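Engineer: what follows is a predicted structure for the sequence shown.
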Amino acid sequence: MFEDVVNVADFERIAAEKLGPGPHGYFAGGAGDELTLAENVSAWGHWRLRPRMLAGLSEWSTAAEVLGAEVSAPILVAPVAYQGLVDPGGEAAMARAAAAAGTVMCLSTLATKRPAEVAAEAPPGRRWFQLYCFRDEAVTRALMDEAVGSGFEAIVVTVDAPRGGNRERDLRTGFAIPEELGVPSVEAALGSARAVTIEETFALMQPALTWPYLEELAAECEVPVLVKGVLTADDGALAVEHGAAGVIVSNHGGRQLDRCPATADALPEVVDAVEGRGAVLVDGGIRRGVDAAIALALGADAVLVGRPALWGLAAAGEEGARRVLELLRAELELTLSLCGCASPAELTRAHVQRAPAASLYSP
Ligand SMILES: Cc1cc2nc3c(=O)[nH]c(=O)nc-3n(C[C@H](O)[C@H](O)[C@H](O)COP(=O)(O)O)c2cc1C
């Protein structure tokens, strides 16, 4: 079925047809006027690559190290809620796709499968768990314990959602998450015998997170803790100074604060502020291997993709998600080779420049 599907945009088109306006709007949409959502994509296009010639290379590898272990490419799967809405295998299918592609999958707290279920239903693979913190500390710890006990290698604490963003697409389509889906990881942590809704779950979350709280969590956690949702130099520095193993420069795919910077624009200042004291990853608007290459050249250790992998899963299940990850990896490899780099680690800021101003806001 993949003959006519040559890029991520093709996968989104197929996914949109399959899902229909309500579910597609839930996954595709952003907050407010969706300005940040759009700029996340366009901002990568505001950079140009500066390729080097006669590098004498005939072999290229996209392999890289992320948090001390190897991936086939520094292109990881971002945590996206409710994957069971687009495929019966849900997050387990996504985990199998990521494992087959040789990369890391990050499982959301708001997944339709618990960490232990994903571990049981997918072959061994590198997995991280995205943690929302709860007012009841015991719930937060229970979530973390299940993930760590199930072999998840890092905890990704999302800090950009003290409240849910204003998603007008859902208001217009009237789409709501079906209540029967529940939030299994939270139900298990609560010891609840019934399905909890997304609204109930958000009401139980802790909005008042602080840096000292993060430091305590990181100190107690047996695996590295990454802070997801950082957009400024100050917060990047604070994260590593409070025990984080790194940060993910992210604006939640434009779903939280509309008019915050595109992640491509926030990335350089965070890289500079972290000063190598931790890993710097970035997500938001990565739709091409060339976007990933620009992020790596600007100093990211890896990128994550949210919607692209989801479109693959929606279009063709596990196989579709794997295909998207492999397609992005192949695009990155081609970009590396045309830039005269043998590996992602060779990409530096010398390989990028700003696009001419005249082209910035043209379609
Ligand atoms: C439908 C949807 C659900 C998401 N759910 C979560 C979540 O549960 N936790 C989280 O930290 N981020 C969540 N995100 C944000 C992603 O992890 C990621 O930051 C974002 O999708 C990256 O942008 P991209 O989709 O343009 O690649 C979600 C994103 C989408 C589109």
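Structural biologist: Noted; the coordinates are in hand.

Engineer: low-confidence regions, the stretch 1-150 of the chain specifically.
Structural biologist: 1 (pLDDT under 70).

Engineer: enumerate the residues of it near the ligand.
Structural biologist: 26-27, 40, 78-81, 108, 110, 130 (C-beta under 6 Å from any ligand atom). Any C-beta I mention is one placed from the backbone N, CA and C, and that applies to glycine too.

Engineer: mind listing the strands for the protein?
Structural biologist: With DSSP state E as the criterion, the chain has strands at 47-49, 64-66, 69-71, 75-77, 105-107, 127-131, 154-158, 225-230, 246-249, 279-283, 302-305, 352-354.

Engineer: reformat these as JSON lines; add mean neighbour count.
Structural biologist: As requested, the strands of the chain are exported to JSON lines (neighbours: other C-beta atoms under 10 Å):
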{"stretch": "strand 47-49", "mean neighbour count": "17"}
{"stretch": "strand 64-66", "mean neighbour count": "18"}
{"stretch": "strand 69-71", "mean neighbour count": "14"}
{"stretch": "strand 75-77", "mean neighbour count": "29"}
{"stretch": "strand 105-107", "mean neighbour count": "29"}
{"stretch": "strand 127-131", "mean neighbour count": "25"}
{"stretch": "strand 154-158", "mean neighbour count": "25"}
{"stretch": "strand 225-230", "mean neighbour count": "26"}
{"stretch": "strand 246-249", "mean neighbour count": "30"}
{"stretch": "strand 279-283", "mean neighbour count": "26"}
{"stretch": "strand 302-305", "mean neighbour count": "28"}
{"stretch": "strand 352-354", "mean neighbour count": "14"}
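
Engineer: would a markdown table of the ones you listed with distance to D145 be doable?
Structural biologist: Converted to a markdown table, these look like this (distance: least, C-beta to C-beta, whole Å):
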| stretch | distance to D145 |
| --- | --- |
| strand 47-49 | 42 |
| strand 64-66 | 23 |
| strand 69-71 | 22 |
| strand 75-77 | 23 |
| strand 105-107 | 15 |
| strand 127-131 | 10 |
| strand 154-158 | 11 |
| strand 225-230 | 14 |
| strand 246-249 | 22 |
| strand 279-283 | 23 |
| strand 302-305 | 24 |
| strand 352-354 | 42 |
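
Engineer: before we move on, back to that, quick one: which of the residues of the stretch 1-150 of the chain next to the ligand sit in helices?
Structural biologist: Among those, the ones falling in helices (DSSP state H) are 26-27, 40.

Engineer: ok, back up a step: need the max-distance pair from the residues of the stretch 1-150 of the chain next to the ligand.
Structural biologist: N40 and L110 (20.5 Å; C-beta to C-beta).

Engineer: who's more crowded, those two?
Structural biologist: N40 (27 against 21; other C-beta atoms under 10 Å).

Engineer: with adjacent residues omitted, what lies nearest to the more buried one?
Structural biologist: Nearest non-adjacent residue to N40, counting by C-beta to C-beta, 6 or more residues apart in numbering: G285, 3.2 Å away.

Engineer: that neighbour and S337, how far apart?
Structural biologist: Note on G285: its distance to S337, by C-beta to C-beta, to the nearest Å, is 24 Å.
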